[in-house]
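1. structure for the following, please:
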Amino acid sequence: MIKGTKIIAEVKTISPYGFKSDKSWEELFKIADEIGDIISVHTDKRWSGSFDLVSKARKLTNKPILAKGIHATDEEIEKAIRAGADYVLVVGRIPSIHQDKLLIEPLNLKQLSEIPTNLKAVWNSRDLSTGNNKKETFEEARAIFTGWLCQASNIKSIKDIKKGADAVLIGSNLPEFYKSINNL
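-> Coordinates of the predicted model:
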């Protein structure tokens with residue numbers, strides 16, 4: 001935790017937007033386990049993820065694990081929990097099951113405004129359909145959503161943590177973020 005903000009450290013080796021880490025899954029996991037309050041592991045194949053990687057991570061740490069993916073069906077949520085996830089990221093919908101374990105990522109500000117404030121929300125600055133940055137900002141999201149809100153994407157150092165973020169999800173820039181912590 002940095003200044004009261006939870007760190008969700010993501011183990012991400014590739015993305016469908018052209019990112020490819022020069023570190024292995026194991027090297028990134030070691031960093032994530034060291035600095036993360038929660039460890040994020042992809043389940044989506046487009047990010048080189050799988051439910052087996054959630055199971056692998058569960059054997060390597062006692063820290064909470066976030067299964068990160070679109071999770072378009074309730075069956076996928078159940079599968080992630082069975083694999084060992086404590087939390088499950090769901091994109092673009094609000095499931096009625098396991099709501100205490102969900103992090104809801106809306107696609108836009110309108111969807112964000114429809115999320116009940118007793119649920120956890122993630123504002124991703126990246127548009128998942130294009131990989132480009134959204135025009136809407138975290139500050140706009142924070143003004144709309146008064147509940148627990150996580151800032152995600154484009155976070156390279158602790159200086160990038162926005163005021164009002166209850167958590168930050170550090171992905172592609174995990175090694176750089178790690179260095180910024182060590183430079184405190």
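2. for the protein, just list every one of the strands.
-> 6-11, 38-42, 65-68, 87-91, 102-105, 120-124, 149-152, 167-170 (DSSP state E).
3. now, of these, which is deepest in the fold?
-> Mean neighbour count (mean count of other CB atoms under 10 Å) peaks for strand 65-68 among those, with a mean of 29. For every residue, glycine as well, the C-beta is placed using N, CA and C.
4. distance from that one to the middle of the chain?
-> Relative to its chain's centre, strand 65-68 lies at 7 Å (CA atoms, centre = their mean, to the nearest Å).
5. direction included, what does it pair against?
-> Next to strand 65-68 in the sheet, as set by DSSP bridges, lie strand 38-42 (parallel), strand 87-91 (parallel).
6. go through those strands and name the closest to Gln99.
-> strand 87-91 (9.9 Å; CB to CB).
7. show me where pLDDT drops low in the protein?
-> Applying pLDDT under 70 to the chain picks out residues 184.
8. swap the cut-off to 50 and go again
-> For the chain, no stretch has pLDDT under 50.
9. that one: helices as residue ranges?
-> Counting by DSSP state H, the chain has helices at residues 25-35, 51-60, 74-83, 109-113, 138-144, 174-182.
10. format these as a markdown table; extra columns: distance to Asp127 and mean neighbour count.
-> As requested, the helices of the chain are exported to a markdown table (distance: least, CB to CB, whole Å; neighbours: other CB atoms under 10 Å):
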| stretch | distance to Asp127 | mean neighbour count |
| --- | --- | --- |
| helix 25-35 | 24 | 17 |
| helix 51-60 | 25 | 17 |
| helix 74-83 | 22 | 17 |
| helix 109-113 | 12 | 15 |
| helix 138-144 | 13 | 17 |
| helix 174-182 | 21 | 16 |
